[in-house]
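Peer 1: Here is a sequence with its predicted model. Questions after.
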Amino acid sequence: MNFGERLQDEARFLRSWLDNPRAAGAIAPSGPALAKAMATAIDLDRDGPVVELGPGTGPVTEALVAYGVDESRLVLVEFDPDFVALLRERFPRATVIRGDAYALRTTLAGELARPAAAVVSSLPLLNRPEDERVRLLADALALMQPGAPFVQFTYGLLSPVPREAGGFTAELSAPVWRNIPPARVWTYRADGSGRVPALPAWRGDLIDRVREEWREAAARVRNEWTERTDKVRDDLRRTGDRVRRDLAEHSLRMRREVRLDETLRVLRRIAEHMESSPDIHIAADRDLRRKSTGDPGRRSGERRL
């Protein structure tokens, strides 16, 4: 893979992480050093399919092929549809399955002709609850040959699969310092006891209680948020109604004051006119009075020449 393709893959990975941080888990694909460390953890002498979980853009897949795994043996399980299309283009002889790796038995039902020689995982296990991680390992061990490895990298300091689940052994690699950020590779194998990995009952009960308490706390927060939102909405509605009433009253008062001002201006102009020409108004008043009372010097029907 050249530098330009690597940059494109990093851009694709970043976009996938932005769309769904919980599913992607990292903002960039595994570096070459980490991919090589994961590939070399498998046993090339074992025949059978090699299952890779969460291959993304294919850096670990490329390392597996470079290490000596025939491409036709690869079964790649990827959830992101864009990555699925890219993997089918880059590894045409591999079997690429779009599905949920955390439901491994269902996703791989009918896909494996025989038990797997290895499972290599780039899934962000630390983003998932402990019981889901244990169940994933249990399902993977059930699909593999006895003693076949389940290879998982992590950025954490502890095993991503709780070791008290039992039924498996765990080996830890040296830190891969040339990866950003530095990572380690865990290799899990069935311990031969026949025990299926499972959290102790008390641990499972504790997880169930924590989940229930978390659900109850989340429900309380939602209810409180709803109540506060309703209260704020009611307060805003009441405030809006009060502002509208105040604006209506102010507008009415302003209209009344405008009409009063206009009336006063007319009366003032009339008064000024009367003050400036009193004789005209006196004569007009006299004529109005005469017309209203009648002219006593005029006879009925008499015509004035």
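Peer 2: Structure's in. What do you need? Numbers count the residues shown, from 1 in each chain.
Peer 1: so how many other residues sit close to residue 209?
Peer 2: Per other CB atoms under 10 Å, the neighbour tally for residue 209 reads 10. Where you see a C-beta, it was placed from the backbone N, CA and C, and this is true even at glycine.
Peer 1: ok now the host helix or strand of it, how far from the chain's centre?
Peer 2: Per DSSP states H and E: residue 209 is located in helix 201-276. In terms of CA atoms, centre = their mean, to the nearest Å, the centre of helix 201-276 is set 32 Å apart from its chain centre.
Peer 1: Below-threshold pLDDT in this structure: ranges please.
Peer 2: Counting by pLDDT under 70, the low-confidence segments of the chain come to 1-30, 202-208, 274-275, 277-281, 294-305.
Peer 1: other SSEs contacting the helix or strand hosting residue 61?
Peer 2: Assigned by DSSP H and E, residue 61 belongs to helix 59-67. The contact analysis (3 or more CB pairs under 8 Å, 6 or more residues apart in numbering; DSSP states H and E) places helix 59-67 against helix 32-39, strand 50-53, strand 74-78, helix 81-90.
Peer 1: Tell me the strands beside the longest strand along the chain, with direction?
Peer 2: Ranked by residue count under DSSP state E, the longest strand found in the chain is strand 184-190. Strand 184-190 has its sheet partners listed here by DSSP bridges as strand 150-154 (antiparallel), strand 168-172 (antiparallel).
Peer 1: Return the distance of the last one from the chain's centre.
Peer 2: Just to be clear, that refers to strand 168-172. 35 Å.
Peer 1: Show me the domain layout of this protein.
Peer 2: What automatic domain parsing lists as the domains of the chain is 3-199, 207-292.
Peer 1: winner for burial among these?
Peer 2: Burial of the domains of the chain is given as mean neighbour count (mean count of other CB atoms under 10 Å); domain 3-199 ranks first at a mean of 18.
Peer 1: before we move on, back to that, need the helices and strands packed on helix 59-67 in a markdown table (columns: distance to residue 283).
Peer 2: Shown next, in a markdown table, are the helices and strands packed on helix 59-67 (distance: least, CB to CB, whole Å):
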| stretch | distance to residue 283 |
| --- | --- |
| helix 32-39 | 115 |
| strand 50-53 | 113 |
| strand 74-78 | 108 |
| helix 81-90 | 101 |
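Peer 1: Quick one, which of those gets closest to residue 194.
Peer 2: strand 50-53 (21.9 Å; CB to CB).
Peer 1: residues in contact with that closest one?
Peer 2: For strand 50-53, the surrounding residues in contact (CB atoms under 8 Å, 6 or more residues apart in numbering) are 42, 60-61, 64, 69, 73-77, 101, 104, 108, 112, 116-123, 140, 143.
Peer 1: CA atoms of the helix holding residue 61 as PDB?
Peer 2: Provided in PDB are the C-alpha atoms of helix 59-67 (Å, rounded to 0.1, in the frame of the first residue of the first chain):
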ATOM      1  CA  PRO A  59      -4.100  -3.300   7.200                       C
ATOM      2  CA  VAL A  60      -4.200  -6.500   9.300                       C
ATOM      3  CA  THR A  61      -5.600  -8.400   6.300                       C
ATOM      4  CA  GLU A  62      -2.700  -7.200   4.200                       C
ATOM      5  CA  ALA A  63      -0.200  -8.300   7.000                       C
ATOM      6  CA  LEU A  64      -1.800 -11.700   7.200                       C
ATOM      7  CA  VAL A  65      -1.400 -12.200   3.400                       C
ATOM      8  CA  ALA A  66       2.200 -10.900   3.600                       C
ATOM      9  CA  TYR A  67       2.900 -13.300   6.500                       C
END
